[in-house]
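> need a structure here:
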Amino acid sequence: MRWSRLLLTVSLLGASAFLLVETLRLAALAGEFEVRAVMAERALDEARAERDALAAAAAAAAAAAPDGAPPAAAPDRGEEAAALALEEYSRLQLELYTTREQLEALRTLLAERNAELERRAEASKRRVEASLRPMPLGVRECLSALHECLRAEGFTSQRFLRATSIDADGLHDVELIEAAADGLGATFLTAARMTASLDRATGRLELRFFEGRRSVDGERAALPDDGFAVVFDGVDGRRFEARLPYLVRGEGAYPAAPVAPTREPGALDPAGKRSWAARLTRLLDRAETELRWSATRVRGLLDGKFLKVELVGTNDRGLVLGSAHCARVAVEIDERRDVVSLLLRDGALRRDGVESTIGAAGFRMLLPGLTPTQARDAMLGMVVAR
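Model (predicted):
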């Protein structure tokens, strides 16, 4: 958004500069026409004087001629000169009038553009001043509580950057960044207002953003008239209503008896997910691979295999050059050959812009520099033998 405002301001400044140059050009042209018009008017006066002098001379010659002699033909050079001077004067007056009209129109347009630039500069100044002001304590506590509730439910991709106020209509001037599932992109949301509604019966939390823009992979789009919704399913509604009663609006009723959520085999709680992802990342960091791999998400652990794993590979400058998304990942050791590998199954691997499908047979990523003993100790025995 800041880049678009900067580009718009630069374009307005460029247009104003062009109008200023064009105004100066027309002003100079008008001055030239005025000088030429004055010179033409002088030439017209001289031509008229010459015509009058010739006419007087002709009259004197006629009076002095003998009676009965034919009158001498009056020279017409004065009439021709006067006619030519009058034509040139009329043309220059017309051009001067047209140029003055164009100059006045450009001056009006330049004044309008300058007023628009001043208005935008003032609005930008107000936005900058507002962004530099610290968030009110109540708004900061609201966003902190919202983050904690979402993290407790296992939602870690969303992060609120700021908001300016909160009232019965919701949060105002909200900025949210949401990381992509593969860690290779992000969605940036800015909205004038955000509301939070909760369906108590289903545990569905909906954050709806109004009057703003959404940027995804460099593509910006205005939010729909009815708002843009970010939805979280299966949350503990009581937690959100207890921590955020001034923001979350509950609808319906909770089930008479709390229904325990269905747990998939091997599913981990939020703390377990973070712990095993960090442990796997530390192991990969010790390997002497071309890229530096890290585990950004681990959803479960079953029979020594990690479930629904996301991996990201970066170079020594921190640039993401690879990623992997697999249903199952295992740290595999080969005691006889003294080799450690990462066995990926049922997913996809991306390297250098090329995506490869990984089937049930799996794909082994060698982890040079690691021994089976080191791998077993680092993963607390959660390895599989080949």
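> if I pick Lys308, what's in contact with it?
297-300, 326-327 (Cβ atoms under 8 Å, 6 or more residues apart in numbering). For glycine as for every other residue, the C-beta is placed from the backbone atoms N, C-alpha and C.
> quick one: which of those residues is nearest to His172?
Arg297 (32.4 Å; Cβ to Cβ).
> would that closest one count as being in a strand?
Yes: counting by DSSP: H, G, I helix; E, B strand; the rest coil, Arg297 is found in a strand.
> Tell me how many other residues surround it.
Neighbour count of Arg297, defined by other Cβ atoms under 10 Å: 19.
> before we move on, back to that, from the contacts of Lys308, pick the one nearest Ala191.
Ala191 has its nearest neighbour among the contacts of Lys308 in Arg297, at 27.0 Å by Cβ to Cβ.
> Please name the nearest non-neighbouring residue to that closest one.
Leaving aside its chain neighbours, Arg297 sits nearest to Glu310 (4.1 Å; criterion: Cβ to Cβ, 6 or more residues apart in numbering).
> Hmm, Gly322 and the one you found touching each other?
No: here Glu310 does not reach Gly322: they are 11.8 Å apart, not a contact under Cβ atoms under 8 Å.
> intersection of neighbour lists for the two?
Joint contacts of Glu310 and Gly322 (Cβ under 8 Å, 6+ apart) do not exist.
> Render the CA-only coordinates of stretch 354-371 in PDB, please.
C-alpha atoms of stretch 354-371 as PDB (Å, rounded to 0.1, in the frame of the first residue of the first chain):
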ATOM      1  CA  VAL A 354      10.800 -27.700 -10.100                       C
ATOM      2  CA  GLU A 355       8.200 -29.700  -8.300                       C
ATOM      3  CA  SER A 356       8.500 -33.500  -7.900                       C
ATOM      4  CA  THR A 357       5.900 -35.900  -6.600                       C
ATOM      5  CA  ILE A 358       6.800 -38.300  -3.900                       C
ATOM      6  CA  GLY A 359       4.800 -41.500  -3.800                       C
ATOM      7  CA  ALA A 360       4.300 -44.200  -1.200                       C
ATOM      8  CA  ALA A 361       7.700 -45.800  -2.100                       C
ATOM      9  CA  GLY A 362       9.300 -42.700  -0.700                       C
ATOM     10  CA  PHE A 363      12.300 -40.500  -1.400                       C
ATOM     11  CA  ARG A 364      15.500 -40.500   0.700                       C
ATOM     12  CA  MET A 365      17.300 -37.300   1.500                       C
ATOM     13  CA  LEU A 366      20.800 -38.200   2.700                       C
ATOM     14  CA  LEU A 367      22.000 -36.300   5.800                       C
ATOM     15  CA  PRO A 368      25.800 -36.400   5.500                       C
ATOM     16  CA  GLY A 369      27.800 -35.600   8.600                       C
ATOM     17  CA  LEU A 370      25.400 -37.400  11.000                       C
ATOM     18  CA  THR A 371      25.900 -40.800  12.500                       C
END
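> Report the buried residues of that stretch.
With burial defined by 16 or more other Cβ atoms under 10 Å, the residues of stretch 354-371 counted as buried are 358, 362-363, 365, 367, 370.
> now those residues as a markdown table including distance to Gly154, pLDDT and secondary structure?
Below are the buried residues of stretch 354-371 laid out as a markdown table (distance: Cβ to Cβ, whole Å; pLDDT from 0 to 100; DSSP: H, G, I helix; E, B strand; the rest coil):
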| residue | distance to Gly154 | pLDDT | secondary structure |
| --- | --- | --- | --- |
| Ile358 | 25 | 91 | strand |
| Gly362 | 27 | 90 | coil |
| Phe363 | 27 | 91 | strand |
| Met365 | 27 | 90 | strand |
| Leu367 | 28 | 92 | coil |
| Leu370 | 30 | 92 | coil |
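> ok, the residues you listed vs Asp173, which is closest?
Nearest member of those to Asp173, counting by Cβ to Cβ, is Ile358, at 44.2 Å.
> thought that closest one was touching Leu349?
Yes: Ile358 is within contact range of Leu349, at 5.9 Å (criterion: Cβ under 8 Å).
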